[in-house]
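Peer 1: here is my input; please provide its structure:
(chains A, B and C)
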Amino acid sequence: MHYTLAELAQLTATQLVGAGDCQLSELASLRNATKSSVSFVSSTTALVELQTTSAGAIVVVPELIYEIKNGLLSEDPYKTYAELSVLFDIRGIPFAGEIHPSAVIAKTAILAANVSVGPNAVIGEDAIVGMGSIIGPNVTIYPETRIGVDCLIGGNSVIGSDGFGFAKSADGWIKIRQLGGVLIGNNVEIGACCSIDRGALDDTIIEDGVKLDNQVHIAHGCRVGARTAMAGCVALAGSTVIGADVTVGGMTGFTGHLSVCDKVHIGANALVTQSISVPGTYMGGAGGVMKATDWRRNAVWFRQLDSLARRLKLLEKRLPEIG
Amino acid sequence: MHYTLAELAQLTATQLVGAGDCQLSELASLRNATKSSVSFVSSTTALVELQTTSAGAIVVVPELIYEIKNGLLSEDPYKTYAELSVLFDIRGIPFAGEIHPSAVIAKTAILAANVSVGPNAVIGEDAIVGMGSIIGPNVTIYPETRIGVDCLIGGNSVIGSDGFGFAKSADGWIKIRQLGGVLIGNNVEIGACCSIDRGALDDTIIEDGVKLDNQVHIAHGCRVGARTAMAGCVALAGSTVIGADVTVGGMTGFTGHLSVCDKVHIGANALVTQSISVPGTYMGGAGGVMKATDWRRNAVWFRQLDSLARRLKLLEKRLPEIG
Amino acid sequence: MHYTLAELAQLTATQLVGAGDCQLSELASLRNATKSSVSFVSSTTALVELQTTSAGAIVVVPELIYEIKNGLLSEDPYKTYAELSVLFDIRGIPFAGEIHPSAVIAKTAILAANVSVGPNAVIGEDAIVGMGSIIGPNVTIYPETRIGVDCLIGGNSVIGSDGFGFAKSADGWIKIRQLGGVLIGNNVEIGACCSIDRGALDDTIIEDGVKLDNQVHIAHGCRVGARTAMAGCVALAGSTVIGADVTVGGMTGFTGHLSVCDKVHIGANALVTQSISVPGTYMGGAGGVMKATDWRRNAVWFRQLDSLARRLKLLEKRLPEIG
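Peer 2: Predicted coordinates:
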């Protein structure tokens, strides 16, 4: 697959800089680029690599026009990179384009036109998969799950498994049958090894344009708003309601039965224990690592913070008497 | 599936309130209930929704008898809900009722009567699955794993994989063959995408009535006591011994080679680093999220707690001199 | 399978103590050992069990020669245990030895001699699997993934799935096609339910001798150095570079675009947010659990650490005036 730089300018609606007949055959990082690569600068940290790259052409913001010889000017180089990634993708989305004969699809499941199902995937009874959606290999879609248009489900993910619902009794736990389903909107991407449980009564809902990384766990009765993105290993306990345009850092958890409003951004490795009703950026956790000797010295006081605070208060009380 | 309210009272051994001939065709949450729904109130937060629900009948504690028109009185409405969930489950447990022809079952594996095996599940040599147990789709049961009666294993879980055991040598890690197995008791439920490793020498043991949510990781040689329940993404390092009737919140970890006694309850997102020998409720972690600006201001001091404590002590020493 | 103690001494290059004709038929923990078991002492905590074990023979360090009647002297009993585990492994690595007919292997995939592929595993187009490697059941190997010699991939793991890459636009997220691959070296072991994403542009690389426990998530463009070992549920965000001979405790996360040098050891349940350039041991997180009442009293001050520090500073300023 070859493009001239002029062709790429036209295909991505960007402004050409330099030699329009420059031949480009791949998209590459600045570090690994060669003369036949097009690359891009999307952050200030990339500016250093810009000086040493061998890239034949580079996508930059207009302000950097004098830093490149051949390239493309884009108001959003990262977005242009996304567009270029499609142009240079010679293979296409893995496992797209067929319903593999090894997949087990229930007779009552409904697959719209142009649906792909990977090898050894399982689709249960009365499940519905919308047009253009791609179900990865070894994925399990439980009965009645409804998946919209143009979705992509990564390998070995499970959609519609039983929620974790039990009532206590003298003899142990009594299983609560999970009577709700899972409803997934359009243009949703779910990574590998994710699990999304069916609702206990009401459906678990993933709205349009949601993007989930790998190993994400969504419990029963949760609702994830449109275009919300969650990084790897995020976990939502039951009945968590997340708004639209939210981003969640990796490994962050939600304790359930709480709601987060639109446009909230939450850092990595935190625990959300209460509802959030004001948009903005939130963080939690104890922060980054330190040398083990330092950590041990500091963390031990975390167990005595209340005592420290009381001692401080006592000193504050005594000082006025003295002064 | 239709029941009269009188029938439901009889089937759940609860007391009828109001019109016994009221026709009910589904179980629903208070919020989404209609005239033909039976719903329930199991917490004080549901009392608000009780005022506005359209539910045809409601299960409540006897004290709330005057708050409902038609319904059922139960000492434990949540338990009654569990019983109703079975009555209104028209589909039954997903993938129950057959050994799917796509499942790969070793000839030496022993499946008792009434075992179900989902599509594309794999059951290894000499594995044993007890009566009535249901193995979900794409599940992997490694050789020699023994599973009791009436268990339910969620989609894509793995039971009996090799434990993480290596000895250091000058040339890197030497694999320790994992010679133990996994022994799972009766009436155990394991969620989707869980992994339970076989023992290095002694078996990994999951006792009767244990309930594991999705993405739970149990390392080699662990023992989980009867009726213990663990929420999503909990992880046990090797040789952890957990007692009976323990509950563990989501994302909590155990560092291994420690034991937790019966009737311990541990919060979410914590790390258990030492044995617990006294029943009760335990918590850990840094607590919930806050605004990022606040978090940065506060968390930086966590790295200097020891220094803060020393400064406080110094002040305390000087004050007596002054006073 | 039976060995005399003299045979075991020869096979493991250790020194015989006591009766060389002692018959041994299994390897067992000190606690569960019988007369026909060989066991081992590899830590001081095992010394207590040494007094009460029924083991027929015991591997110990030379210093403990007078504590045993029959046994083997080894400078590294744990390494000797690893060697014994192979001798007493009557079954061998599970699912080794065949390419199961239910596995779906693309015609363009290349499998070297002596490769094993478990039931219902999927190997995509142009994937390469090196000599002697074992692909577990229900594993998904995406197209173009390259796996070295003598690797072991646990059940239901996914290698080569799409990285989590999206560009923001006014209409939501635009998918960035993931054009890189995954390159796995020789002698790598990957546990069950792991996910390793393909690179966005550059390959994700797992070097020789790396050992990953279950449920580990490696994002796109990461590089994990030789012989590095990661415990369960560790997660690496995109473009994390980890050196050689690093160990990482369970549930620890890396926020991406950072690098960790060789010979770093990181504790469990921590978050690495910055590069580490000095070998050593690092820890993070808030430490272990405590009684819930204590935790609530202490953790609340974590949210007010900055305020505590300011109050302390104020006292320090006032004291000189007084004194």
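Peer 1: by contact count, what packs against the lengthiest helix in chain A?
Peer 2: Criterion DSSP state H: the longest helix present in chain A is helix A:305-322. Packing partners of helix A:305-322 (3 or more Cβ pairs under 8 Å, 6 or more residues apart in numbering or on different chains; DSSP states H and E): helix B:305-322, helix C:292-302, helix C:305-322. The way it works is simple: take the backbone N, C-alpha and C, and place the C-beta from them, glycine included.
Peer 1: give me that answer again for 10 Å
Peer 2: Contact analysis of helix A:305-322 by 3 or more Cβ pairs under 10 Å, 6 or more residues apart in numbering or on different chains; DSSP states H and E lists helix A:292-302, helix B:305-322, helix C:292-302, helix C:305-322 as its packing neighbours.
Peer 1: contacts for the first one, please.
Peer 2: Contact partners of helix A:292-302, identified using Cβ atoms under 10 Å, 6 or more residues apart in numbering or on different chains, comprise A:286, A:289-291, A:307-308, B:284, B:286, B:301-310, B:312, C:265-267, C:270, C:280-288, C:290, C:295, C:298-299, C:301-302, C:305.
Peer 1: ok, 8 Å please
Peer 2: For helix A:292-302, the surrounding residues in contact (Cβ atoms under 8 Å, 6 or more residues apart in numbering or on different chains) are A:286, A:289-290, A:308, B:286, B:302-306, B:308-309, C:267, C:280-287, C:298, C:302.
Peer 1: got the angle for the longest helix of chain A vs helix B:292-302?
Peer 2: Orientation check (axes from the mean of the first three to the mean of the last three Cα atoms, to 10 degrees): helix A:305-322 against helix B:292-302 gives 90 degrees.
Peer 1: what is the mean pLDDT for helix A:305-322?
Peer 2: Helix A:305-322 comes out with an average pLDDT of 87.
Peer 1: output the below-cut-off pLDDT ranges for chain A.
Peer 2: Flagging of chain A using pLDDT under 70 yields the residue ranges A:321-323.
Peer 1: before we move on, the earlier item: now restrict the contacts of helix A:292-302 to buried residues only.
Peer 2: By neighbour count, with 16 or more other Cβ atoms under 10 Å in any protein chain shown, the contacts of helix A:292-302 hold A:286, A:289-290, A:308, B:286, B:302-306, B:308-309, C:267, C:282-287, C:298, C:302 as buried.
Peer 1: for the stretch 1-150 of chain A, which segments count as helices?
Peer 2: Taking DSSP state H, counting those that start in this stretch as the criterion, the stretch 1-150 of chain A carries its helices at A:5-11, A:46-52, A:77-87.
Peer 1: dump those helices into CSV; add distance to residue C:250 and mean neighbour count as well.
Peer 2: Shown next, in CSV, are the helices of the stretch 1-150 of chain A (distance: least, Cβ to Cβ, whole Å; neighbours: other Cβ atoms under 10 Å in any protein chain shown):
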stretch, distance to residue C:250, mean neighbour count
helix A:5-11, 46, 18
helix A:46-52, 34, 13
helix A:77-87, 34, 22
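Peer 1: I'd like the ones you listed as JSON lines, with distance to residue C:7 appended.
Peer 2: Output for the helices of the stretch 1-150 of chain A, formatted as JSON lines (distance: least, Cβ to Cβ, whole Å):
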{"stretch": "helix A:5-11", "distance to residue C:7": "70"}
{"stretch": "helix A:46-52", "distance to residue C:7": "60"}
{"stretch": "helix A:77-87", "distance to residue C:7": "60"}
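Peer 1: take the ones you listed and write them to a markdown table, including distance to chain B.
Peer 2: A markdown table is the format used below for those (distance: least, Cβ to the nearest Cβ, whole Å):
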| stretch | distance to chain B |
| --- | --- |
| helix A:5-11 | 38 |
| helix A:46-52 | 25 |
| helix A:77-87 | 22 |
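Peer 1: among those, which comes closest to residue C:156?
Peer 2: In terms of Cβ to Cβ, the element of the helices of the stretch 1-150 of chain A nearest to residue C:156 is helix A:77-87, at 28.6 Å.
Peer 1: and that closest one, C-alpha only, in CSV?
Peer 2: Extracted C-alpha coordinates of helix A:77-87, given in CSV (Å, rounded to 0.1, in the frame of the first residue of the first chain):
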residue,chain,number,x,y,z
PRO,A,77,-2.5,15.5,14.6
TYR,A,78,-3.7,12.6,16.8
LYS,A,79,-7.0,12.6,15.0
THR,A,80,-5.2,12.7,11.6
TYR,A,81,-3.1,9.8,12.9
ALA,A,82,-6.3,7.8,13.6
GLU,A,83,-7.4,8.5,10.0
LEU,A,84,-4.0,7.5,8.6
SER,A,85,-4.2,4.3,10.7
VAL,A,86,-7.2,3.2,8.6
LEU,A,87,-5.5,4.1,5.3
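Peer 1: what about that helix, near chain C?
Peer 2: Yes: with Cβ under 8 Å from any Cβ of the partner chain as the measure, helix A:77-87 is seen reaching chain C through A:78, A:79, A:81, A:82, A:83, A:85, A:86.
Peer 1: what number of residues lie near the nearest residue to the first one once chain neighbours are set aside?
Peer 2: If the residues on either side of it in the chain are set aside, residue A:78 comes closest to residue A:42, at 4.1 Å by Cβ to Cβ, 6 or more residues apart in numbering or on different chains. Residues contacting residue A:42 under the criterion other Cβ atoms under 10 Å in any protein chain shown number 17.
Peer 1: residue A:42 contacts residue A:82, correct?
Peer 2: No: using Cβ atoms under 8 Å as the test, residue A:42 is too far from residue A:82 to be in contact (10.2 Å).
Peer 1: list, one by one, the residues from the stretch 1-150 of chain A near chain B.
Peer 2: Residues of the stretch 1-150 of chain A lying close to chain B (Cβ under 8 Å from any Cβ) are A:102, A:104, A:120, A:122, A:124, A:125, A:138, A:139, A:140, A:142, A:143, A:144.
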